[in-house]
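Novice: Fold the following.
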Amino acid sequence: MGDVNQRLFLERHLPQAGGPVVEIGSKEYGSTTSFRDLYRDVEYVGVDLEAGPAVDSVVDLTQGIGSLAEAHFALVICCSVLEHTPAPWVMAKNLTRLVRPGGVLYLSVPWVWRFHPYPDDYFRFSPRGVEALFPGFKWIGAAYSTSLTDDLVPLDLRGDISMIDDGMARYAPTPQGGARKYLPCLMVNMLGRRLVERG
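Specialist: Coordinates of the predicted model:
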């Protein structure tokens with residue numbers, strides 16, 4: 001499950017999956033946005049750590065891929081999940097295992113966000129951090145999203161992205177004088193195609 005901006009990003013960048021889809025962190029909590037109906041014409045598997053609404057398979061991707069088929073999925077969706085694992089590099093390897101060669105990974109992770117334990121909260125990720133975790137992908141789309149609906153700021157990962165988030169900062173006066181700098185809540189949304197290994 002995701003938020004409205006994550007869904008908008010996916011609708012605009014990948015309106016069709018072209019094969020089976022797996023969504024990591026699919027449990028419905030009543031305040032999230034579903035992706036399932038975007039890809040109703042293909043196999044869709046919802047995965048979470050525990051059973052519940054919209055969960056088809058219970059798998060802990062920090063421990064392996066469980067009963068999920070390796071290199072089977074044309075699209076792997078993982079929104080607002082990676083920050084909750086104490087070993088995201090392990091989960092990144094297992095997510096990669098699920099994507100078929102030439103398939104697509106949609107990852108959305110917080111860059112600037114409040115502490116939100118479920119069951120705990122460990123990491124924040126820059127776009128370059130995502131690239132480092134997933135070296136077997138060519139990134140074909142990226143954007144920051146904020147907490148405002150349809151506030152998506154495109155990122156050209158081939159260029160200098162170092163000042164984009166800084167340019168979104170605002171300043172507020174402090175009681176001691178001067179001004180405190182505030183960045184908006186920012187999610188990093190990235191769409192990557194798994195490279196086909198030549199052997």
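
Novice: Only C-alpha atoms from now on, for both contacts and neighbour counts.
Specialist: Fine.

Novice: so what pLDDT did G199 get?
Specialist: Per-residue pLDDT puts G199 at 63.

Novice: who does the strand ranked longest in the chain touch, helix- and strand-wise?
Specialist: Across the chain, the longest stretch assigned as strand under DSSP state E is strand 99-112. Secondary-structure packing of strand 99-112 (3 or more Cα pairs under 8 Å, 6 or more residues apart in numbering; DSSP states H and E): strand 73-79, strand 186-194.

Novice: Tell me what angle the last one forms with strand 73-79.
Specialist: Going back to what we said before, that points to strand 186-194. Interaxial angle, strand 186-194 versus strand 73-79 (axes from the mean of the first three to the mean of the last three Cα atoms, to 10 degrees): 170 degrees.

Novice: Name every strand pairing with strand 186-194 and say which way it goes.
Specialist: When pairs are called by DSSP bridges, strand 186-194 turns out to pair with strand 99-112 (antiparallel), strand 137-145 (antiparallel).

Novice: quick one: contacts of the first one?
Specialist: In other words, strand 99-112. By Cα atoms under 8 Å, 6 or more residues apart in numbering, the residues outside strand 99-112 that reach it are 6, 10, 70-83, 124-126, 183-197.

Novice: Centre of the chain to it, how far?
Specialist: 6 Å (Cα atoms, centre = their mean, to the nearest Å).

Novice: just the shortest one next, same as before
Specialist: Put simply, strand 137-145 sits 10 Å off its chain's centre (Cα atoms, centre = their mean).

Novice: Could I get the phi/psi values of the residue lying closest to M168 once chain neighbours are set aside?
Specialist: The shortest distance from M168 to any non-neighbouring residue, by Cα to Cα, 6 or more residues apart in numbering, is to L183 (6.4 Å). With angles defined as degrees, to the nearest 10, L183 sits at phi -100, psi 150.

Novice: measure L183 to A54 for me?
Specialist: Noted for L183: a distance of 34 Å to A54, by Cα to Cα, to the nearest Å.

Novice: With neighbour numbers in mind, choose between those two.
Specialist: Neighbour count, other Cα atoms under 10 Å: between L183 and A54, A54 has more, with 19 against 14.

Novice: who's in contact with the more buried one?
Specialist: 26-28, 46.

Novice: now it, what's its secondary structure?
Specialist: Here A54 is coil, with the state taken from DSSP: H, G, I helix; E, B strand; the rest coil.

Novice: Mean neighbour count, the strands paired with strand 186-194: which tops it?
Specialist: strand 99-112 (a mean of 23; mean count of other Cα atoms under 10 Å).

Novice: elements contacting the helix or strand just after that one?
Specialist: The helix or strand immediately downstream of strand 99-112 is helix 127-133, counting by DSSP states H and E. Helix 127-133 is packed against helix 88-98, with contacts defined by 3+ Cα pairs under 8 Å, 6+ apart.
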